[in-house]
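1. have a look at this prediction, sequence included:
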Amino acid sequence: MSEAFEEIEPCEFSLEEIVGEQVVLRPLGEADAQSLFELIDESREFLQEHLPWPEECTLVENVASRIDSWNLQAQMANGACWGIFEKAGADSSKRREKIAGCIMLGWVQWKHRSATVSYWLGKRFCGRGLATEALLLAASEAFALGLNRLELTASVHNPKSVAVARRAGFQEEGLCREYERLHGKFEDHLRLSLLARDLLDAE
C-alpha cells in the first residue's frame, strides 16, 4: 500500500535565481523578450523540426505575450517558466550570461503532487550538458515545493531530447501512439517520469 501524504497548499513558484555549475535558471520578464526572440529566430529551422510553437513566434511581441502568460501561470501556482542562461566564463570581462533556452513546468496538480516539464535550447547551445543540468535544477525546485512526480514526453524522432531526460534520471514508461500532430503528421511520443525519491536515490 502506498504511503499516505498530507495535503499541501498550492504555492507560487519562486522568483529567485536557481544557480547550477553551468547554467542559471531565471524567471523571464519583459526585458528578456528581445533576446529570447533572437534566440528563437536564429534557431527557427532547428526548433521547428520537433516543436509546434516557433512558427507562432514571428515577432518580439509574440514572445512577450508568452512571457506574460508564463508569469501569470506562476502567480496562479499553475506552472513556471525559467530562462536557461549559460554562465559566463571565469575569464570573461563582462561576465554576462547568455540566454540559451527555456524550461517549463505545466499542468501542476497540487492534489496529486505532479506536473509536466518541457525544455528546449537554441541550436548553438546544444551538446554541452546545459539542458540536463537545467532539468535537474528545475526538478529539485519542484520537489522542494512538495511535488512528487514530473512527467515529460518526447517524439520518438527526437532521441537527443529523450537522452537529456534519461541522463537526468527520468525513466521510460511507455509509448504514446500518435500523441502529437506536427507539420500535418501524427508523431508517437515516449513518456518518461521522475519521482522525488528517484532524485534522492541518485544523490
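-> Sure, I can see it. Since we're looking at a predicted model, the values are computed, not measured. Numbers count the residues shown, from 1 in each chain.

2. show me where pLDDT drops low in the protein?
-> 1-6, 12, 14-15, 89-95, 202-203 (pLDDT under 70).

3. what ranges do the strands span in it?
-> 18-19, 23-27, 80-86, 98-109, 114-121, 149-155, 171-182, 185-195 (DSSP state E).

4. save those strands as JSON lines, and put in distance to Ser140 and mean neighbour count too.
-> Placement of C-beta: from N, CA and C, glycine included. As requested, those are exported to JSON lines (distance: least, CB to CB, whole Å; neighbours: other CB atoms under 10 Å):
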{"stretch": "strand 18-19", "distance to Ser140": "8", "mean neighbour count": "14"}
{"stretch": "strand 23-27", "distance to Ser140": "10", "mean neighbour count": "21"}
{"stretch": "strand 80-86", "distance to Ser140": "12", "mean neighbour count": "24"}
{"stretch": "strand 98-109", "distance to Ser140": "12", "mean neighbour count": "19"}
{"stretch": "strand 114-121", "distance to Ser140": "12", "mean neighbour count": "21"}
{"stretch": "strand 149-155", "distance to Ser140": "11", "mean neighbour count": "21"}
{"stretch": "strand 171-182", "distance to Ser140": "17", "mean neighbour count": "12"}
{"stretch": "strand 185-195", "distance to Ser140": "10", "mean neighbour count": "18"}
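
5. can those go into TSV with extra columns for distance to Asn62?
-> Shown next, in TSV, are the strands of the chain (distance: least, CB to CB, whole Å):
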stretch	distance to Asn62
strand 18-19	26
strand 23-27	19
strand 80-86	15
strand 98-109	14
strand 114-121	16
strand 149-155	23
strand 171-182	19
strand 185-195	24
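
6. for Trp53, which of these is the nearest?
-> Shortest distance between Trp53 and the strands of the chain, using CB to CB, is found for strand 114-121: 9.3 Å.

7. now Val108: how far from Pro10?
-> Distance of Val108 to Pro10, computed by CB to CB, to the nearest Å: 8 Å.

8. just Lys98 next, same as before
-> Distance from Lys98 to Pro10, by CB to CB: 33 Å.

9. repeat that for Phe46.
-> Distance from Phe46 to Pro10, by CB to CB: 36 Å.

10. over to Val19?
-> 25 Å.

11. same question for Arg191.
-> 25 Å.

12. if we can go back for a sec, got any residues that touch both of Val108 and Pro10?
-> Counting by CB atoms under 8 Å, 6 or more residues apart in numbering, the residues touching both Val108 and Pro10 are Ala77.

13. wouldn't Ala134 be in contact with Glu21 here?
-> No. Between Ala134 and Glu21 no contact is recorded; they are 11.2 Å apart, counting by CB atoms under 8 Å.

14. quick check: closest non-adjacent residue to Ala196.
-> Excluding the flanking residues, the one nearest Ala196 by CB to CB, 6 or more residues apart in numbering is Phe143, at 4.3 Å.

15. what number of residues lie near that neighbour?
-> 20 (other CB atoms under 10 Å).

16. what do you get for the one 5 residues further on?
-> The burial count assigned to Asn148 is 16, neighbours taken as other CB under 10 Å.

17. which ones are touching it?
-> Phe5, His112, Arg113, Ser114, Leu195, Ala196.
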